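# Mind looking at a prediction? Sequence and model below.
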Number of protein chains: 2
Amino acid sequence: MQNSQSSSKRFLDIIGELQSLISEQKIEYGDRLPSERHLAEKLQVSRTAVREALRSMELLGLIETRRGEGTFLSDFKKHQLVEVLSTFIMQQARSIQDVVDTRMIHERAAITTVTENEELRKLPVWVGMQSRLREGDSVFSREDMVRETIVATENRLSLKIWFLLKQYSGVSFDIAIEADEEIAIVHDLLDEMMAGNKEKALICYEKWMDQVEGERRETK
Amino acid sequence: MQNSQSSSKRFLDIIGELQSLISEQKIEYGDRLPSERHLAEKLQVSRTAVREALRSMELLGLIETRRGEGTFLSDFKKHQLVEVLSTFIMQQARSIQDVVDTRMIHERAAITTVTENEELRKLPVWVGMQSRLREGDSVFSREDMVRETIVATENRLSLKIWFLLKQYSGVSFDIAIEADEEIAIVHDLLDEMMAGNKEKALICYEKWMDQVEGERRETK
DNA sequence: TATGCAGGGTGGTCAGACCACTCTGCTGAA
DNA sequence: TTCAGCAGAGTGGTCTGACCACCCTGCATA
């Protein structure tokens, strides 16, 4: 066919066909894909070729395979991608500091966006968060606060990048707030955000991050 | 061995071993990797397994294969990754607008960082850029300006993310500056950055982007 | 000297086999 | 009748050996 043209990238074609198949048959996240043998027959290629395509997609975290059960469309939470890219791409990063810096870039941007947008400032989520802070909700964590802010911006790509970065730098990021001082800072941050004071909100954020950093050093 | 433990993810192990091999033998971007047959023998696995690992890495853009020649470590400019993820992950993004927004997040952050750091403001690159602008250097492009700013922050991860985002949203982003008005804005932006006026620099940036956006709409 | 061809090495693909595992339904014992 | 246990089918995981298409190199020939 067009083999001579597209040359040597058969497995890319197969991935493409799989994508079509998935969207045609309306396969949702978590659903099972046809077996490797069936796919090979359907696409008129060898099982080897199908497997190469599937393994690639698995590495990307697009699918998930379970021996004896089948191949499933992944809900793309479990990215092996993270581990693999970490050794290749991340070795290019100056250090883990780049990851932290980049994560903070996204967090600052979210705070700025929310603070500058009246609609977003009025969201009930902020009030709810303040209540939880006052009541000493032990389930409340730093992660919640930042995540909700990024969620509010409705930029799902930024949210996704932030989520990946958090996994890297996420050491001690899930710790629930205990220190009174930290609670106070976050409370201030929320206040300033809701009031629309961009500069002050960002200052609160920096103060918060400084404290988190200091705390992280102590525990080490 | 630990097969039963790490279970069914042999090809991930192989990728790991390849990474070790690459770093041990100091294989640089563009260099050739051992052939599939040699790798299979060296790692004591079948060529099939090696190929599954290699195809995965190829999809990530980590390596490049040329029939009859061999497998080469990619210089990680040509990411098929972009195309593949675009259909899967990007469909989760609200729209292409997310990509543009996120790209701008990184650009604003870079401008802020440079403007707030006296050392970075003094870099000779800014002066050089102004000269090129004045002389109407036709090679000078928008991309250069933004890229140099991010490069200056020395956050290679942010640079990498920006680069990927640019490939998505990069339509008409490589156009050389022609409009006098645009040159003036960029000139101002450089001035404000070097002067350390964060707010004004950011205002210039927004103005610039507005104009670019308008221009993009016109050409369509 | 220059041309062209043959051989070896490389990735690309395939068929078929076997293993380990999971699930299901049937069989036989309680 | 009920339920435990087993056998079989189906799945992914791996391997072998083979053949093809392609690139490069070096040797033989014109």
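Nice, I can see it. Not measured: the values here are computed from a predicted model.
# Only C-alpha atoms from now on, for both contacts and neighbour counts.
Fine.
# how near is A:Met57 to chain B?
A:Met57 sits at a distance of 7 Å from chain B (criterion: C-alpha to the nearest C-alpha, to the nearest Å).
# Flag every residue of chain A that's near DNA strand C.
Residues of chain A lying close to DNA strand C (C-alpha under 7 Å from any atom of the strand) are A:8-11, A:44-49, A:67-69.
# what about burial for these, which qualify?
When these are checked for burial by 16 or more other C-alpha atoms under 10 Å in any protein chain shown, the buried set is A:10-11, A:47-49.
# Looking at the residues of chain A next to DNA strand C, spot the one nearest A:Lys26.
For the residues of chain A next to DNA strand C, the minimum distance to A:Lys26 (C-alpha to C-alpha) is 20.2 Å, reached by A:Glu69.
# what's the domain layout of chain A?
For chain A, automatic domain parsing gives the domain ranges A:3-73, A:87-218.
# Now the weakest link among these, please, by mean pLDDT.
Mean pLDDT is lowest for domain A:87-218 among the domains of chain A, at a mean of 80.
# returning to that earlier point: closest one to B:Ser74 among the domains of chain A?
Proximity to B:Ser74, assessed across the domains of chain A by C-alpha to C-alpha, is greatest for domain A:87-218 (11.0 Å).
# quick one, strands of chain A?
In chain A, the strands defined using DSSP state E lie at A:63-66, A:70-73.
# Those strands into a markdown table, with extra columns for mean neighbour count?
Listed next are these as a markdown table, based on neighbours: other C-alpha atoms under 10 Å in any protein chain shown:
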| stretch | mean neighbour count |
| --- | --- |
| strand A:63-66 | 18 |
| strand A:70-73 | 19 |
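# Out of the ones you listed, which is closest to A:Trp208?
Counting by C-alpha to C-alpha, A:Trp208 lies closest to strand A:63-66 out of the strands of chain A; the figure is 38.1 Å.
# How about that closest one and DNA strand D, any contact?
Yes. Strand A:63-66 reaches DNA strand D (C-alpha under 7 Å from any atom of the strand) through A:65-66.
# strands paired with that strand, and their directions?
Sheet pairing for strand A:63-66, assigned by DSSP bridges, gives strand A:70-73 (antiparallel).
# which residues are contacting the strand it pairs with?
With C-alpha atoms under 8 Å, 6 or more residues apart in numbering or on different chains as the test, strand A:70-73 has contacts from A:27-35, A:62-65.
# Out of the buried ones among the residues of chain A next to DNA strand C, flag the one nearest to DNA strand D.
Among these, A:Thr48 lies closest to DNA strand D (C-alpha to the nearest atom of the strand), at 6.5 Å.
# Give me the nearest residue to that closest one, chain neighbours excluded.
Nearest residue to A:Thr48, sequence neighbours excluded (C-alpha to C-alpha, 6 or more residues apart in numbering or on different chains): B:Thr48, at 7.8 Å.
# Could you report the distance from that neighbour to A:Arg103?
Using C-alpha to C-alpha, to the nearest Å, one obtains 39 Å as the distance from B:Thr48 to A:Arg103.
# Apart from its chain neighbours, what residue comes closest to whatever residue of chain A ends up closest to chain B?
In chain A, the residue that lies nearest chain B is A:Ser56 (3.9 Å; C-alpha to the nearest C-alpha). Closest residue to A:Ser56 apart from its sequence neighbours, by C-alpha to C-alpha, 6+ apart: B:Ser56 at 3.9 Å.
# now do A:Thr112
The shortest distance from A:Thr112 to any non-neighbouring residue, by C-alpha to C-alpha, 6+ apart, is to A:Lys198 (6.1 Å).
# dump the residue contacts of that neighbour.
Contacts of A:Lys198 (C-alpha under 8 Å, 6+ apart): A:111-112, A:115-116, A:192.
# Top of these by number of neighbours, please.
A:Thr115 (25 neighbours; other C-alpha atoms under 10 Å in any protein chain shown).
# wouldn't A:Ala53 be in contact with A:Lys9 here?
No. A:Ala53 is not in contact with A:Lys9 according to C-alpha atoms under 8 Å; the separation is 10.4 Å.
# on that earlier part again, out of the strands of chain A, nearest to B:Asn155?
Between B:Asn155 and the strands of chain A, the shortest gap by C-alpha to C-alpha is with strand A:63-66, which sits at 31.6 Å.
# Can I get that closest one as PDB, trimmed to CA atoms?
Taking C-alpha atoms only, strand A:63-66 is exported to PDB below (Å, rounded to 0.1, in the frame of the first residue of the first chain):
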ATOM      1  CA  ILE A  63      -3.200   2.000  28.300                       C
ATOM      2  CA  GLU A  64      -2.700  -0.500  31.000                       C
ATOM      3  CA  THR A  65      -2.200  -4.200  30.500                       C
ATOM      4  CA  ARG A  66      -3.000  -7.000  33.000                       C
END
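# picking up where we left off before, for the residue nearest to A:Ser56, what are its contacts?
A:52-53, A:55-57, A:59 are the contacts of B:Ser56 under C-alpha under 8 Å, 6+ apart.
# before we move on, what about A:Val186?
Neighbour list for A:Val186: A:204-205, A:208 [criterion: C-alpha under 8 Å, 6+ apart].
# now do A:Arg55
A:Arg55 sits next to B:52-53, B:55-56 when contact means C-alpha under 8 Å, 6+ apart.
# Likewise for A:Glu107?
Per C-alpha under 8 Å, 6+ apart, neighbours of A:Glu107: A:146, A:149-150, A:162.
# Reformat those residues as TSV; add neighbour count and distance to chain B.
Below are those laid out as TSV (neighbours: other C-alpha atoms under 10 Å in any protein chain shown; distance: C-alpha to the nearest C-alpha, whole Å):
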residue	neighbour count	distance to chain B
A:Val146	17	16
A:Thr149	26	15
A:Ile150	25	12
A:Trp162	22	11
